[in-house]
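Participant: would you be able to build a 3D model of this:
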Amino acid sequence: MTQLQMPQPDASIKQAADNANDMWYRLALSLVKTVAHHHSSPEITADDIWDALAIWPDINTHEPRALGPVLLDAQRRGWIVPTDRVRASRRRQINHGRRITIWRSLIWQGQ
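Facilitator: Residues are numbered from 1 along each chain as shown. Alright, predicted model coming up:
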C-alpha cells in the first residue's frame, strides 16, 4: 500500500506565491513594510496586513494563502521576524479564528 504524499511546505509556499495575483503580491509586500514601520506596536500579525489590504478592494488575489509567502519575503528582507507566540485570528468568518503567528518588526518607528 502506498502512503498519500503530503505536499512539502516549501513547495506549497511556492505554489501559493506563484498563484497569487502579481499586483496584489507587490501591494501586500509594500503594506507589510508600512505596517511593520508604523503600527501601534512593534508586533504585527497577518490580520493587520489583511486590514491594510481592505483599503484596496479592487486589488485582490484568488489565493489568500499567498500572504504567507509575502510575510516570509518580508522576513528575508529584514523587516520582520516571527516570534514564538501566536494568537487567534480576528478573521473568524474567513479562517475560523485559527492561530496565527505574531511577528516582531525590525523597522518599527511607531505611529
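Participant: work out which residue lies at the spatial centre of the protein.
Facilitator: Among the residues of the chain, the one closest to the centroid is Leu67, at 3.6 Å (C-alpha atoms, centre = their mean).
Participant: correct me, but that residue touches Trp50?
Facilitator: Yes. Counting by C-beta atoms under 8 Å, Leu67 does reach Trp50; the two are 7.2 Å apart. Any C-beta I mention is one placed from the backbone N, CA and C, and that applies to glycine too.
Participant: which residues in the protein form strands?
Facilitator: 43-44, 80-88, 99-105 (DSSP state E).
Participant: out of those strands, which gets nearest to Asp58?
Facilitator: With C-beta to C-beta, the closest approach to Asp58 among these belongs to strand 43-44: 23.9 Å.
Participant: grab the longest helix from this structure for me.
Facilitator: helix 22-38 (DSSP state H).
Participant: quick one: buried residues of it?
Facilitator: Neighbour counts using 16 or more other C-beta atoms under 10 Å place 24-25, 27-29, 31-32, 35-37 of helix 22-38 among the buried residues.
Participant: so what does that helix touch, helix or strand wise?
Facilitator: Applying 3 or more C-beta pairs under 8 Å, 6 or more residues apart in numbering; DSSP states H and E, we find helix 22-38 packed against strand 43-44, helix 46-53, helix 67-76, strand 99-105.
Participant: how far away is Leu72 from Arg98?
Facilitator: The span separating Leu72 from Arg98 equals 18 Å under the rule C-beta to C-beta, to the nearest Å.
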